[in-house]
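In: I need the structure of the sequence given here:
(2 chains)
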2 protein chains.
Amino acid sequence: MTTSDMFVGVDIGNTKLAVGLLDRQGVIQTSARRPTSVDSGASSVVETLLAMTGEVIGERGNRVAGVGIGFGGLVNIHNGIAVSSPNFPGWSNVPLTAIFSERFRVPTAMDNDANASALGERWVGAARGMDNFVYMTISTGIGGAFVLDGRLLRGQSGYAGEVGHMIVDPDGPPCRCGKQGCLEAMASGTALVQFAREAVEDGVPTRLGEMAHNETGRITGELLHRAALEGDGFARQVFARCGRYLGIGIANIISVLDPSLIILGGGVMKAGAFFLQAVEEFVARKALREGQLAPRIVPAGCGDLVGVVGAAAVALATVARSADASE
Amino acid sequence: MTTSDMFVGVDIGNTKLAVGLLDRQGVIQTSARRPTSVDSGASSVVETLLAMTGEVIGERGNRVAGVGIGFGGLVNIHNGIAVSSPNFPGWSNVPLTAIFSERFRVPTAMDNDANASALGERWVGAARGMDNFVYMTISTGIGGAFVLDGRLLRGQSGYAGEVGHMIVDPDGPPCRCGKQGCLEAMASGTALVQFAREAVEDGVPTRLGEMAHNETGRITGELLHRAALEGDGFARQVFARCGRYLGIGIANIISVLDPSLIILGGGVMKAGAFFLQAVEEFVARKALREGQLAPRIVPAGCGDLVGVVGAAAVALATVARSADASE
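Out: Here you go, the predicted model:
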């Protein structure tokens, strides 16, 4: 690996596709972004991604040391296959790394989006240089990844880090995973919106109904955030409730892993002002045992770019590993 | 290290003290056991332990390669200090390894009882030769330890593995740790007995009251187990409830760590027939995501000897590490 090497990050999310070309320092040199057309099937999405990758590489093909792919679903990292995803119902066992490495003739690796984001945060974000930390993303779902002794914890099936599917309330609402009261069913963006819509339908006093022109289907996370910013008490309660459950989930992670750093990313963090204090209070008051140091809880550092940066970090990690092995 | 080396294991529990001399294969050659007199203070307990250790070593002092101590409380493994324990209210910062290494002139190391037990299970128990597994002990409290890539996960303050303090029911009863609805408050031996006593006082139909001569204070874990064996429906329900909460706790561990092996030890496992099936059903039905392999869930292999074997395993691990480092 040389300092002039560049890395491509391919981020496959359920609402957008993003591809970036990054230098060795993690700075994005060029990027492209398109909406995801989930319904058009895997092969059409793959063609779009290949075209976008060709665009961002341009004339610099000989400097690209690796391509990394972050996929919002289940990934078999050993053979580079995107196995399945709730966000991509038509996808089944798509051999993405083979397709990309054949087209661009460089080492290609893939990981799920949470693992990729954790590597991105370690490269240029809030975990720079850290060998032990927890990454959590609070978005439409809730995901996570653990870096322990400098490596991602994977588990026997590659499912380690699924913090969104810890049960935090056994009598809570059903989760799409089949359990009840998972953290994701209580505190994800989807759960917040669902909870708000039901409350508005039940006639809870709030300006949300009016803001949504009395169509509860128009209540979104953004609208909920705007209502909270404008002082709507109910909207603020929804975020406080989210903070309580996140606090429980984070307390459980602290009990199990005793980490020194917890990084919170994902779209719901845009409304962090309305729930982070509740999380921190719960942790300070409830999560720690006598003598236990509190972990730092910090917002993610890569922001909206984490998908592309994380995917490129997957490439960097793979290239670094094979350089180590061949020495 | 030679094959004729022997290891001493010193197990400091809240009801009994046990010391054993083990050979390199983990077979106990001699052992001693005394009830713990918690109230007599640290120095008296330490004197007893030193005398017991002298007894089991006897004339074989020159073959002892190391002493290991397992302590049922918070341990600073770096300086070998027993920091504190809910079971030993009078103890504070007892420098046990210094005391033992000075007396017996051999390398001495200490760890908490859950970590020691995990090492014991890896040495001669249910995790023989395994580099990745979860150990849980369901006893008066609920503790745990994780071996990942062959090493104990410790966390920043040495508190990793505290599975008993995951919140599994936010509206559950208070836990001695200050939170509510921790796994330990729902499914430990103490929680089962507490639950049964309250139910008997409330007049729930069961033979337990009669068996305890109508003194609820005489209801113990053993009595509850006997009642279940004799067919008492309520006693069986108590264990089924325990199984449900253990199932939730284990499902959460599976979500977070995706382990291939979970070992269950501790005294409550004697009644395992009355709740293990519920645990396994919950895990099979609820804990796994699509494509995720089920972990094996097995009873601990060291039985009642795990304290002594685990403590000796702490000595073995320390001696093996320093042998590696000096090579």
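In: what's around the residue in the stretch 51-200 of chain A that chain B sits nearest to, how many residues?
Out: In the stretch 51-200 of chain A, no residue comes nearer to chain B than A:Gly155, which is 2.4 Å away by Cβ to the nearest Cβ. Yep, even glycine has a C-beta here, placed from its N, CA and C like the rest. As a burial measure, A:Gly155 scores 23 neighbours (other Cβ atoms under 10 Å in any protein chain shown).
In: next one: phi and psi at it?
Out: Dihedral pair for A:Gly155: phi 80, psi 170, per degrees, to the nearest 10.
In: what is the burial count for the closest residue in space to it that isn't next to it in sequence?
Out: Nearest residue to A:Gly155 in three dimensions, chain neighbours excluded: B:Asp258, at 2.4 Å (Cβ to Cβ, 6 or more residues apart in numbering or on different chains). Counted with other Cβ under 10 Å, the neighbours of B:Asp258 add up to 23.
In: and what of A:Lys179?
Out: 24.
In: where's it relative to B:Gly247, distance?
Out: The gap separating A:Lys179 from B:Gly247 is 11 Å, by Cβ to Cβ, to the nearest Å.
In: list residues touching both of the two?
Out: B:Lys286, B:Ala287 (Cβ atoms under 8 Å, 6 or more residues apart in numbering or on different chains).
In: picking that back up, so how far is B:Ala109 from the residue of the stretch 51-200 of chain A closest to chain B?
Out: 29 Å.
In: what's the answer for A:Ser139, then?
Out: 44 Å.
In: the more surrounded of the two?
Out: B:Ala109 (25 against 22).
In: beta partners of that one?
Out: Here B:Ala109 sits in beta bridges with B:Gly68, going by DSSP bridges.
In: quick one, what contacts A:Thr3?
Out: Contacts of A:Thr3 (Cβ under 8 Å, 6+ apart): A:Arg24.
In: remind me which helix or strand it belongs to.
Out: A:Thr3 is part of no helix or strand, with elements assigned from DSSP states H and E.
In: per-residue confidence for it?
Out: If you check A:Thr3, the pLDDT there is 78.
In: distance check, it against chain B.
Out: Computed as Cβ to the nearest Cβ, to the nearest Å, the A:Thr3 to chain B distance reads 31 Å.
In: swap in A:Asp11?
Out: A:Asp11 is 22 Å from chain B, by Cβ to the nearest Cβ.
In: that residue - nearest residue in space that isn't next to it in sequence?
Out: Per Cβ to Cβ, 6+ apart, closest to A:Asp11 is A:Gly307, 3.2 Å.
In: and that neighbour, how many residues sit next to it?
Out: By other Cβ under 10 Å, the burial measure for A:Gly307, its neighbour count, is 26.
In: buried stuff in the helix or strand harbouring it?
Out: According to DSSP H and E, A:Gly307 maps onto helix A:306-326. Neighbour counts using 16 or more other Cβ atoms under 10 Å in any protein chain shown place A:306-319 of helix A:306-326 among the buried residues.
In: same question, stretch A:15-30
Out: A:Leu17, A:Ala18, A:Val19, A:Gly20, A:Leu21, A:Leu22, A:Gly26, A:Ile28.
In: identify the farthest-apart pair in these.
Out: Using Cβ to Cβ, the buried residues of stretch A:15-30 span at most 20.4 Å, a distance reached by A:Leu17 and A:Gly26.
In: which parts of chain A are strands?
Out: For chain A, strands defined by DSSP state E occupy the ranges A:6-12, A:16-23, A:28-35, A:64-71, A:74-76, A:81-84, A:108-112, A:133-138, A:142-148, A:151-152, A:261-265, A:296-299.
In: distance from the chain centre to the third one, please.
Out: What separates the centre of strand A:28-35 from the centre of its chain is 18 Å, taken as Cα atoms, centre = their mean, to the nearest Å.
In: any idea of the mean pLDDT in that strand?
Out: Rounded mean pLDDT across strand A:28-35 is 95.
In: what does the shortest one give?
Out: Within the predicted structure, the mean pLDDT of strand A:151-152 is 92.
In: same thing with the last one?
Out: Confidence over strand A:296-299, taken as the mean pLDDT, stands at 95.
In: what pairs with it, parallel or antiparallel?
Out: When DSSP bridges is applied, strand A:296-299 pairs with strand A:261-265 (parallel).
In: what does the second one give?
Out: Taking DSSP bridges as the criterion, strand A:16-23 sits next to strand A:6-12 (antiparallel), strand A:28-35 (antiparallel) in its sheet.
In: which of those strands sits most buried?
Out: Most buried of the strands paired with strand A:16-23, by mean neighbour count (mean count of other Cβ atoms under 10 Å in any protein chain shown): strand A:6-12, with a mean of 28.
In: spell out which residues of the stretch 51-200 of chain A are next to chain B.
Out: Remark: the part of the stretch 51-200 of chain A in contact with chain B comprises A:74, A:83-84, A:132, A:148-149, A:153-170, A:177-179, using Cβ under 8 Å from any Cβ of the partner chain.
In: buried subset of those?
Out: Here, 16+ other Cβ under 10 Å leaves A:74, A:83-84, A:132, A:148, A:153-170, A:177, A:179 buried among those.
In: just those residues: which are in helices?
Out: Among those, no residue falls in helices (DSSP state H).
In: which one is A:Arg128 nearest to, not counting chain neighbours?
Out: Using Cβ to Cβ, 6+ apart, the nearest residue to A:Arg128 is A:Arg122, at 6.8 Å.
In: ok, now A:Tyr135?
Out: A:Tyr135 sits nearest to A:Ala118 (Cβ to Cβ, 6+ apart), 3.9 Å away.
In: hmm, that neighbour is touching A:Ala145, no?
Out: Yes: if you go by Cβ atoms under 8 Å, A:Ala118 and A:Ala145 touch, sitting 3.8 Å apart.
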